[in-house]
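>>> I need the structure of the sequence given here:
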Amino acid sequence: DSPDLIEKFDQSPKLQRKTALKDCTYFSFFIRIWCGPYPALARAAAINMVKNRLKTGEETNFDVQSLIPYTVAALGDPSKRVRQAAADLVTVLSAPYQDGPSKKVSIWGAGTLYGKSGDIAALTPDVTAKMLQLQILPSVEECIMDSNYIFSILSLSIEKGKYQAVNSNVDKKDHLSQAGRQSILSFLAGHAIATPFLLVKDRLLKALNEVRGVSNTTRTKVLLPVLKWWAEFSEEEAVQRCAAEKVDKLTLESRFVDIVVPSDQEGLDYLFVLLKDPAKKERDNLIHVIVSRIKKMWPSFKDDVKFTVAEQLLDISQNDDSDDFATAEATDFLRSVPLTTEILIFFLQSIQTGTKLVTEPPPNKRRRTSSSDEQRGLITQVSPEISQALRKITFVLQLVENSDPVQHPQLLDDLFAALSELQHFRTVVGS
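Next up is the predicted model:
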């Protein structure tokens, strides 16, 4: 804690303090501390080191917008001491923009912070000025008091664009343009994808998941890569990463899955890719949060989307592997949501088709049978196909019963057909 020791450490050649704005070593070292599993005192001290380096005013032609997502993460820290330090850093970051857009030319960390493949679409100086001066800076006192306040401010600034303060030097309007809101969404999404820190992903997604999108760009469109990245880990790897960074895995997985909105077909399709992937069997919690997310979106789906979702979940629910977690989740889902008449009709018709396939002999086997042939035919009662068809009939009829069939008079014909199928089964299995 000695100021002399901190000063000595700060001047270490390995930290490259003098060239802090020309390479990423200095700032990224302290970012790693304040976004890592370290004591609050150390996190606050790391933020102060970056703040003090920026206050020297050296190399003023650099734009340090890439520090904004990490400062946002710090404003959401559970420690008030850390949030206070982050608020002071916001003041320093905002200072060059108090009279409007800065004429800075170089963006700190461009092409190097995340490597060339992780380059982020930069904010224009104009949008950076408005975001800092009119959205975040006027709210820092509330952020110090409430660790969730920064997430509300960010989501509102992207969704609505209304400013938290007035500064005619920065903008004569009282709100950010649609193009500006879209660029902030893309900017923060880019950092959420590229940052190596789970904690920063978690906190940025906490804000972004409150935004449906801007214009025709949904949050899913800009954030789907981060869900795909997370889904690639094995259960063991996911547990280890969360433990190493002291991040709650259950909460984090919900954040990743919540990026999917009801209107985004690509995102919804990807959730079913994961549910049907045998390699994801061990990811029980991921499967659970996916099905929970689909259930939450169900009331917002259009009828044609509900139909497709129900069709796929019926297939998953009939998986041969009774121990499969996705099978159990799909079964519970179909039992717990209101199913449309069209879905119920489809389910009933699907069992008729299925039973015909497993009970009718191939054309070349259709011939007059002797009593011994009939006896052999009864053996089919134990075949997997027969058992599965019976399971499906039972399940679909339960779903119809749970759906109050009186409210669906159109089901009558198909219900009679289903009963006929059951009679046919009794004949086949000889019981």
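>>> what is the neighbour count of the closest residue to Arg53 other than its chain neighbours?
Take Arg53 and drop its neighbours on the chain: the residue closest to it by C-beta to C-beta, 6 or more residues apart in numbering is Ala20, 5.3 Å away. For the C-beta atoms, the positions are set from N, CA and C on the backbone; glycine is no exception. The number of residues packed around Ala20, counting by other C-beta atoms under 10 Å, is 25.
>>> quick check: pLDDT value at Ala20.
Per-residue pLDDT puts Ala20 at 83.
>>> which parts of this protein are strands?
62-63, 106-107, 213-214, 217-218 (DSSP state E).
>>> by contact count, what packs against the last one?
So that's strand 217-218. With contacts defined as 3 or more C-beta pairs under 8 Å, 6 or more residues apart in numbering; DSSP states H and E, the packing partners of strand 217-218 are helix 178-194.
>>> need the CA coordinates for the helix it packs on. PDB is fine.
Taking only C-alpha atoms (Å, rounded to 0.1, in the frame of the first residue of the first chain), the coordinates of helix 178-194 have been written out as PDB:
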ATOM      1  CA  GLN A 178     -30.700   6.500 -34.900                       C
ATOM      2  CA  ALA A 179     -27.300   6.100 -36.700                       C
ATOM      3  CA  GLY A 180     -25.600   7.100 -33.400                       C
ATOM      4  CA  ARG A 181     -27.600   4.600 -31.400                       C
ATOM      5  CA  GLN A 182     -26.800   1.900 -33.800                       C
ATOM      6  CA  SER A 183     -23.100   2.600 -33.700                       C
ATOM      7  CA  ILE A 184     -23.100   2.400 -29.900                       C
ATOM      8  CA  LEU A 185     -24.900  -0.900 -30.100                       C
ATOM      9  CA  SER A 186     -22.400  -2.300 -32.600                       C
ATOM     10  CA  PHE A 187     -19.500  -0.800 -30.600                       C
ATOM     11  CA  LEU A 188     -20.400  -2.400 -27.300                       C
ATOM     12  CA  ALA A 189     -21.500  -5.600 -28.900                       C
ATOM     13  CA  GLY A 190     -18.100  -5.800 -30.600                       C
ATOM     14  CA  HIS A 191     -16.300  -5.500 -27.300                       C
ATOM     15  CA  ALA A 192     -18.600  -8.000 -25.600                       C
ATOM     16  CA  ILE A 193     -17.600 -10.500 -28.300                       C
ATOM     17  CA  ALA A 194     -13.900  -9.700 -28.400                       C
END
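>>> coming back round to it: need the strands of the chain in CSV with distance to Arg335 and mean pLDDT, can you?
Converted to CSV, these look like this (distance: least, C-beta to C-beta, whole Å; pLDDT from 0 to 100):
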stretch, distance to Arg335, mean pLDDT
strand 62-63, 55, 86
strand 106-107, 53, 86
strand 213-214, 32, 94
strand 217-218, 30, 94
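>>> Gln16 is nearest to which of those?
The closest approach between Gln16 and any of the strands of the chain, judged by C-beta to C-beta, belongs to strand 62-63 at 14.6 Å.
>>> which parts of the stretch 251-400 of the chain are helices?
With DSSP state H, counting those that start in this stretch, the ranges of helices along the stretch 251-400 of the chain come out as 265-276, 284-297, 303-317, 325-336, 341-359, 371-378, 384-402.
>>> hey, least reliable of those by pLDDT?
Within the helices of the stretch 251-400 of the chain, confidence is poorest for helix 371-378, with a mean of 46 (mean pLDDT).
>>> not counting its neighbours along the chain, what's nearest Lys162?
If you skip the residues right next to it in sequence, Lys162 has His175 as its closest partner in space, 4.9 Å away by C-beta to C-beta, 6+ apart.
>>> run a quick neighbour tally on Leu93.
Residues near Leu93, counting by other C-beta under 10 Å: 21.
>>> rewinding a little: the residue nearest to Arg53: what's it in contact with?
Tyr26, Phe27, Arg53 (C-beta atoms under 8 Å, 6 or more residues apart in numbering).
>>> again, but for Ile107
Ile107 touches Phe62, Asp63, Gln65, Ser66, Ala122, counting by C-beta under 8 Å, 6+ apart.
>>> number of residues surrounding the third one?
Number of residues near Gln65 (other C-beta under 10 Å) recorded here: 24.
>>> how close does it get to Ile107?
The spacing between Gln65 and Ile107, counted by C-beta to C-beta, to the nearest Å, is 6 Å.
>>> joint contacts of these two?
Common neighbours of Gln65 and Ile107 are listed as Ala122 (criterion: C-beta under 8 Å, 6+ apart).
>>> what about the closest residue to Ser177 other than its chain neighbours, how many neighbours?
Of all residues not flanking Ser177 in the chain, Gly161 sits nearest, at 7.2 Å (C-beta to C-beta, 6+ apart). Summarising burial for Gly161: neighbours were counted as other C-beta under 10 Å, giving 20.
>>> for Gly161, give me its contacts.
Gly161 makes contacts with His175, Leu176, Ser177, Gln178, Gly180, Arg181, as judged by C-beta under 8 Å, 6+ apart.
>>> now the buried members of these.
Of the members of the contacts of Gly161, the ones counted as buried by neighbours, 16 or more other C-beta atoms under 10 Å, are Leu176, Gly180, Arg181.
>>> from Ala165, how far off is the nearest residue to Glu342 once chain neighbours are set aside?
Closest residue to Glu342 in three dimensions, ignoring its sequence neighbours and counting by C-beta to C-beta, 6+ apart: Phe307, at 5.9 Å. In this structure, Phe307 and Ala165 are separated by 48 Å, where distance is defined by C-beta to C-beta.
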